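Enquirer: sharing a sequence plus its predicted fold:
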Amino acid sequence: MELWEYLEQVDRAYESLSGGALEARIGELTEACGQEYGAESASYASLLGEQGAYYRGQGRYQESEDCFQRALELLEKTAGKDSPAYATALNNLASVHRLTGRYADAEREYAACLALYRRTVGTGDVLYAAGLNGLSMVYLDQNLLLQAARLQTRAAEILDALPQCRDELAVSLCNLGLLLRQMGRLREAEEKLKQAVALFEGELGTHTPHYHAALNGLGSVDYAAGRYRQAQSRFRQAAQAAEALYGPEHWECRVAREHMELARRAAETAQQRKGG
C-alpha cells in the first residue's frame, strides 16, 4: 500500500471510529506501515507522526512525545535535517513541549522549524503558517499577547492567500480573535471571530472544537461590551455546539451553560437598573 493510502486510512478511521477502536486502528496502520516499508523508513516516520497526533489529542503527552521524537530521528537519517518533513516533525515535537509547559524548548524548536521552512518551502506556504501558529501559542501560554497576536496575524494573512487552506484559515482567525479579545481589542476580535464562524457554518462544517471556541469568544466579546442578551444567545449556541461535539456532560458544555446563565443574570440586572 502506498503511503498516501495509509494516511487516507487514518483519515477514514477518524471519521468512523472513536475511543479504543480508533486507537487500535491507528496502531494497526502504524505497525503495518513499519512492516511494509521498514522500521527505519520515512514512511514509517509519517505514521508515527499520525500516532503521536492521536496521543496528543488524548492528552497522553509522554506517548505523543515518544512517537514524535522517534519520527524526528528517522527523518534525520532518511530525509535529512534540511527537509520540510524534518521541520514538520520538529513542529510536532514542539507542540507537545508547549502543552507540557516546556516553553523554552518549544520556542527553540519552533524557531528552528520556521528557519527550515523559510529555506525549503518559503514564507507563503501553509507549513510556514503552521509554524507561526505554533510559536504564537507558546507566547500566548506565557501571556505575551502582543508577540502572539503579531505571529497569528501573519499566519492568517498567509492562509487567506491560499484558497486550498480554508480550514486552516478558520482556525487561525479563531485563534487571532480570541487573542484580540484577551487584549481588550473587542471590535477587531469580533470581526475575526465572525469570519471564522462564517467559514465553519458556510463551507467547513461545525463539528470542530474551534467552532465552539469561536462562538464562545463572540459571547465573551458581547458580554464585555455590555450586550448581555446577545451574549446569552452566543453562549447558548456555544453550549449546543459543544454538546454536539462532546456530549451533554462534558465540561465544555457545563462552562458554556454557566456563561449563558451569567449573561442572563447580567441582562436582568441591567434591565432592572434601567427600569429603576
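Expert: Good, I have the coordinates.

Enquirer: burial check on Thr208, number of neighbours?
Expert: Summarising burial for Thr208: neighbours were counted as other CB atoms under 10 Å, giving 17. All C-beta atoms are positioned from the backbone trio N, CA, C, and that covers glycine.

Enquirer: what are the boundaries of the helices in this structure?
Expert: Applying DSSP state H to the chain gives helices spanning 3-16, 19-37, 42-57, 61-77, 84-99, 103-120, 126-141, 145-160, 166-182, 186-199, 209-224, 228-246, 251-275.

Enquirer: same list, the ones you listed, but as a markdown table with mean pLDDT and mean neighbour count please.
Expert: Written out in a markdown table, the entries for the helices of the chain read as follows (pLDDT from 0 to 100; neighbours: other CB atoms under 10 Å):
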| stretch | mean pLDDT | mean neighbour count |
| --- | --- | --- |
| helix 3-16 | 95 | 14 |
| helix 19-37 | 96 | 16 |
| helix 42-57 | 96 | 22 |
| helix 61-77 | 97 | 19 |
| helix 84-99 | 97 | 23 |
| helix 103-120 | 97 | 18 |
| helix 126-141 | 97 | 23 |
| helix 145-160 | 98 | 20 |
| helix 166-182 | 97 | 24 |
| helix 186-199 | 98 | 20 |
| helix 209-224 | 96 | 23 |
| helix 228-246 | 94 | 20 |
| helix 251-275 | 91 | 15 |
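
Enquirer: need the contact list for the closest residue in space to Leu173 that isn't next to it in sequence.
Expert: If you skip the residues right next to it in sequence, Leu173 has Ala196 as its closest partner in space, 4.1 Å away by CB to CB, 6 or more residues apart in numbering. If a contact means CB atoms under 8 Å, 6 or more residues apart in numbering, then Ala196 has Ala170, Val171, Leu173, Cys174, Gly177, His210, Tyr211, Ala214 as its contacts.

Enquirer: now do Ala111
Expert: Leu135.

Enquirer: distance-wise, check the most centrally placed residue in the chain relative to Leu199.
Expert: In the chain, the centroid-proximal residue (CA atoms, centre = their mean) is Val171; its distance is 6.5 Å. From Val171 across to Leu199, the span is 9 Å (CB to CB, to the nearest Å).

Enquirer: which one is Lys77 nearest to, not counting chain neighbours?
Expert: When the adjacent residues along the chain are set aside, Lys77 lies closest to Glu40, with 6.8 Å between them (CB to CB, 6+ apart).

Enquirer: how close does the one you found sit to Glu73?
Expert: Computed with CB to CB, the distance linking Glu40 and Glu73 is 10 Å.

Enquirer: again, but for Gly219
Expert: Per CB to CB, Gly219 is found 44 Å from Glu73.

Enquirer: again, but for His259
Expert: His259 is 44 Å from Glu73, by CB to CB.

Enquirer: over to Ala161?
Expert: When distances are taken as CB to CB, Ala161 and Glu73 turn out to be 34 Å apart.

Enquirer: over to Asn175?
Expert: The value you get for Asn175 to Glu73, if CB to CB is used, is 30 Å.

Enquirer: residues contacting Gln69?
Expert: The neighbourhood of Gln69, defined by CB under 8 Å, 6+ apart, consists of Leu93.

Enquirer: now stretch 112-126, how far from the chain's geometric center?
Expert: Taking CA atoms, centre = their mean, to the nearest Å, one finds the center of stretch 112-126 at 19 Å from the center of the full chain.

Enquirer: now do stretch 206-224
Expert: 14 Å.

Enquirer: which residues touch that stretch?
Expert: With CB under 8 Å, 6+ apart as the test, stretch 206-224 has contacts from 170-171, 173-174, 177-178, 181, 184, 186, 189-190, 193-194, 196-197, 200-201, 228, 230-232, 234-235, 237-238, 241-242, 244-245, 252, 256, 259-260, 262-263, 266.

Enquirer: before we move on, what about stretch 142-152?
Expert: Under the contact criterion CB under 8 Å, 6+ apart, stretch 142-152 has outside partners 103, 132-133, 135-137, 139-140, 172, 175-176, 179-180, 182-183.
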